[in-house]
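Visitor: Give me coordinates for this.
(one chain, ligands or ions: 1)
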Amino acid sequence: MKKTSVFADKNFRVGEISPRLYGSFIEHLGRAVYGGIYDPDDPSADENGFRKDVVSLVRELHVPIVRYPGGNFVSGYEWTDGVGPKEKRPARLDLAWHTTETNEFGTDEFVKWCRLAGVEPMLAVNMGTGTVKEAARLVEYCNHAGGTALSDYRRANGAEKPYGVTYWCIGNEMDGPWQIGHLSADDYGKKALEAAKVMRWTNGETDDALSNLHKLKLVVSGSSNHEMDTFPEWDRVVLEHTYGKADYLSMHRYYEYSTSDKRPLEDFFGAADNMAEYIETLEATIEYVRAKYRTRKQVYLSFDEWNVWKQSAPRTEPLWKRAPRLIEDIYTFRDSLVFAGLMNTLLNHCDLVKMGCLAQLVNVIAPITTERGDAFRQSIFYPFKYLANNARGATLRTFSDSDLFENKYGKARSLNEAVCYDAESGSVVVSLVNYAQEAREVSLELRSFGDLEPAEYVEMTNADLGATNGFSHKEDVVPAKKDLPAVKGGTHVSVVLPAMSWSYLKFKTKA
Ligand code: AHR
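Guide: Numbers count the residues shown, from 1 in each chain. Sure thing, here's the model as predicted:
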């Protein structure tokens, strides 16, 4: 059996884990909104048409913030279409996903849904067909108290108090030729700078450069992924234009593997370490621009789209259908292993990655899948649930002697780990993915905590890598409870991880 040692010490930290690392994303895409979070005809719908069964699953995941309304959709979206009396809202062609958008659900419904689900709204503004003026006007509609046409319009639409939306994405994937209104890095950088400035003025703030103290937190569009030809030059140019105004640079990445994939499994399992490289390159890019401007101001990373995405099923739904079934991936056990590794990577880079949005939340590449009257948790639901609910506080630096495996990105660690410590609750959380095709004995040395007591131990393992959950088999891929391991000398724990498995352990420090 393989043997691996992992060391962590309470005093050696990567950084604080922002609770917003566990955010998610709802786009007007397929059945994410219509039939997902909103369906007035669903038996569980409340008086606003919000599915209460979905809200309770979102609460179970403990998602703190949700990005909306896109995604590619936002680059053609006129937010004014989605507010005001529903019967007067126009149906429009959505050119991002070739569907009909009825606008029954818009900004007001989204913010109301966020309040119900206990999440913070994060809004994206249109930098494709949209203008600086339209972006600023959405800020006014949402955040201005009253006494102007737009703020009074919001009040007339039922929201007396301003929404106080803090987090704003300035466009989406503007480097991608698939984007409606795609721009060059220079053009986007200039436009984003002006949008940021005017959005801040609208929010009653100055736009002094190089301050981390602004109320509006603004995310500028970084590269769509690190395989773009323009990566990381796009990011450098955009940051050089916007460093004084931006709070975050966005990053997106989906890792692919279809059930019929003939590629070596290693290429999929290499995703977590590859994601780490992507983050580290952008850390260096930010650092370069920061040094160039000789400023202490720190721009952080917002990994506001990440997941596994099979990208293989051809579209079968007709053009221009309302809420068609699009990108409704059914996740396998195999996917949940890669997914857990990606979560570990985010945690291990929590010093700069201060925002994360699992893309997406319901039906479209999502942990929750619905039909009218029913819903189930996908395999990827579980690593997210356990870590979002428990991996708090700070990530600790780990030292491990894991073996490596070759894959298309280079070499990756065969044992992928994250160790987090929350001083407030006195809990230590360990997340371990064993990517090897054989069992592994892991010797954990958790130092400087005093005596640790084991509190929880679950494991996801399955003889069938392709196993999935579904409406008729909701619990085929779920974590199993394990007997709590002994903690020798208060610090040393030995566990055996099955081949290709994810394990989650929680310990408590003794008071
Ligand atoms: O999440 C699905 C799509 O993936 C988003 O609309 C886009 O931003 C990304 O390419």
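Visitor: what's the burial count for whatever residue of the stretch 351-500 of the chain ends up closest to the ligand?
Guide: Across the stretch 351-500 of the chain, the shortest distance to the ligand (Cβ to the nearest ligand atom) belongs to residue 359, at 4.4 Å. Yep, even glycine has a C-beta here, placed from its N, CA and C like the rest. Under the neighbour criterion other Cβ atoms under 10 Å, residue 359 is assigned a count of 26.
Visitor: So which residues of the stretch 251-400 of the chain form strands?
Guide: With DSSP state E, counting those that start in this stretch, the ranges of strands along the stretch 251-400 of the chain come out as 300-308, 353-359, 368-371, 374-377, 394-400.
Visitor: Now mean pLDDT too, for those, in TSV please.
Guide: Formatted as TSV, these follow (pLDDT from 0 to 100):
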stretch	mean pLDDT
strand 300-308	98
strand 353-359	98
strand 368-371	98
strand 374-377	98
strand 394-400	98
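Visitor: Kindly reformat the ones you listed as JSON lines containing distance to residue 327.
Guide: As requested, those are exported to JSON lines (distance: least, Cβ to Cβ, whole Å):
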{"stretch": "strand 300-308", "distance to residue 327": "10"}
{"stretch": "strand 353-359", "distance to residue 327": "10"}
{"stretch": "strand 368-371", "distance to residue 327": "12"}
{"stretch": "strand 374-377", "distance to residue 327": "17"}
{"stretch": "strand 394-400", "distance to residue 327": "31"}
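Visitor: Residue 267 is nearest to which of these?
Guide: strand 300-308 (12.8 Å; Cβ to Cβ).
Visitor: who are the neighbours in contact with the closest residue to the residue of the stretch 351-500 of the chain closest to the ligand other than its chain neighbours?
Guide: Excluding the flanking residues, the one nearest residue 359 by Cβ to Cβ, 6 or more residues apart in numbering is residue 305, at 3.9 Å. If you count contacts by Cβ atoms under 8 Å, 6 or more residues apart in numbering, residue 305 has them with 25, 71, 250, 252-254, 357, 359.
Visitor: swap in residue 390?
Guide: Contacts of residue 390 (Cβ under 8 Å, 6+ apart): 427, 429, 456, 504, 506.
Visitor: from memory the fourth one sits against residue 433, does it?
Guide: No - with contact taken as Cβ atoms under 8 Å, residue 504 and residue 433 are classed as non-touching, separated by 10.2 Å.
Visitor: ok now stretch 496-504, how far from the chain's centre?
Guide: Relative to its parent chain, stretch 496-504 has a centroid offset of 24 Å by Cα atoms, centre = their mean, to the nearest Å.
Visitor: that older thread, would you check how far apart the residue nearest to residue 359 and residue 94 are?
Guide: Distance of residue 305 to residue 94, computed by Cβ to Cβ, to the nearest Å: 18 Å.
Visitor: go on, residue 111?
Guide: On the measure of Cβ to Cβ, residue 111 and residue 94 end up 21 Å apart.
Visitor: before we move on, back to that, to residue 225, which of the strands of the stretch 251-400 of the chain lies closest?
Guide: Using Cβ to Cβ, the nearest of these to residue 225 is strand 300-308, at 9.0 Å.
Visitor: and the closest one with strand 353-359, angle?
Guide: Counting by axes from the mean of the first three to the mean of the last three Cα atoms, to 10 degrees, strand 300-308 lies at 30 degrees to strand 353-359.
Visitor: Okay, now the sheet partners of strand 300-308, with direction.
Guide: Partners of strand 300-308 in the sheet, by DSSP bridges, are strand 248-255 (parallel), strand 353-359 (parallel).
Visitor: Show me how far the first one is from its chain's centre.
Guide: On the basis of Cα atoms, centre = their mean, strand 248-255 sits 9 Å off its chain's mean C-alpha point.
Visitor: Alpha carbons of it, as PDB, please.
Guide: Output in PDB follows, covering the C-alpha atoms of strand 248-255 (Å, rounded to 0.1, in the frame of the first residue of the first chain):
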ATOM      1  CA  TYR A 248     -10.900  41.700  -8.000                       C
ATOM      2  CA  LEU A 249      -9.700  40.100 -11.300                       C
ATOM      3  CA  SER A 250     -12.000  37.300 -12.500                       C
ATOM      4  CA  MET A 251     -10.900  33.900 -13.500                       C
ATOM      5  CA  HIS A 252     -13.000  31.000 -15.000                       C
ATOM      6  CA  ARG A 253     -12.200  27.400 -15.600                       C
ATOM      7  CA  TYR A 254     -14.100  24.200 -16.400                       C
ATOM      8  CA  TYR A 255     -12.400  20.900 -16.500                       C
END
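Visitor: Pick out whichever of residue 504 and residue 433 has more residues nearby.
Guide: For residue 504 and residue 433, the more surrounded residue by other Cβ under 10 Å is residue 433, and the numbers stand at 29 against 23.
Visitor: Return the list of helices and strands in contact with the helix or strand that one falls within.
Guide: Element membership of residue 433, judged by DSSP states H and E, is strand 427-434. Secondary-structure packing of strand 427-434 (3 or more Cβ pairs under 8 Å, 6 or more residues apart in numbering; DSSP states H and E): helix 333-348, helix 381-390, strand 415-422, strand 440-447, strand 492-497, strand 501-509.
Visitor: what sits up against the last one?
Guide: This points to strand 501-509. 336-337, 340, 383, 386-387, 390, 426-434, 444, 446, 449-461, 479, 482, 485, 487, 493, 495, 497.
Visitor: In its sheet, which strands sit next to that strand, and in what direction?
Guide: Counting by DSSP bridges, strand 501-509 is paired with strand 427-434 (antiparallel), strand 452-460 (antiparallel).
Visitor: Please identify the most buried of those strands.
Guide: Mean neighbour count (mean count of other Cβ atoms under 10 Å) peaks for strand 427-434 among the strands paired with strand 501-509, with a mean of 25.
Visitor: Could you list which residues are in contact with the residue of the stretch 351-500 of the chain closest to the ligand?
Guide: 24-25, 27, 71, 252, 254, 304-307, 365.
Visitor: before we move on, back to that, any idea of the angle the strand holding residue 433 forms with strand 394-400?
Guide: Inter-element angle recorded for strand 427-434 and strand 394-400: 40 degrees (by the same axes, to 10 degrees).
Visitor: what's the offset of strand 427-434 from the middle of its chain?
Guide: For strand 427-434, the distance to the chain centre is 20 Å (Cα atoms, centre = their mean).
Visitor: Once you drop chain neighbours, what's closest to residue 330?
Guide: Excluding the flanking residues, the one nearest residue 330 by Cβ to Cβ, 6+ apart is residue 468, at 5.0 Å.
Visitor: who in the stretch 201-350 of the chain is up against the ligand?
Guide: Counting by Cβ under 6 Å from any ligand atom, the stretch 201-350 of the chain comes close to the ligand at 252, 305.
Visitor: And the helices in the stretch 201-350 of the chain?
Guide: For the stretch 201-350 of the chain, applying DSSP state H, counting those that start in this stretch gives helices covering 233-242, 265-269, 271-292, 333-348.
Visitor: Packed most tightly, which of the ones you listed would that be?
Guide: Ranked by mean neighbour count under mean count of other Cβ under 10 Å, the helices of the stretch 201-350 of the chain are led by helix 333-348, which reaches a mean of 27.
Visitor: So which elements touch the helix or strand harbouring residue 141?
Guide: Assigned by DSSP H and E, residue 141 belongs to helix 132-143. Under the contact criterion of 3+ Cβ pairs under 8 Å, 6+ apart, helix 132-143 touches helix 107-117, strand 120-125, helix 149-156, helix 185-202.
Visitor: Per-residue confidence at residue 490, what does it come out as?
Guide: pLDDT for residue 490: 86.
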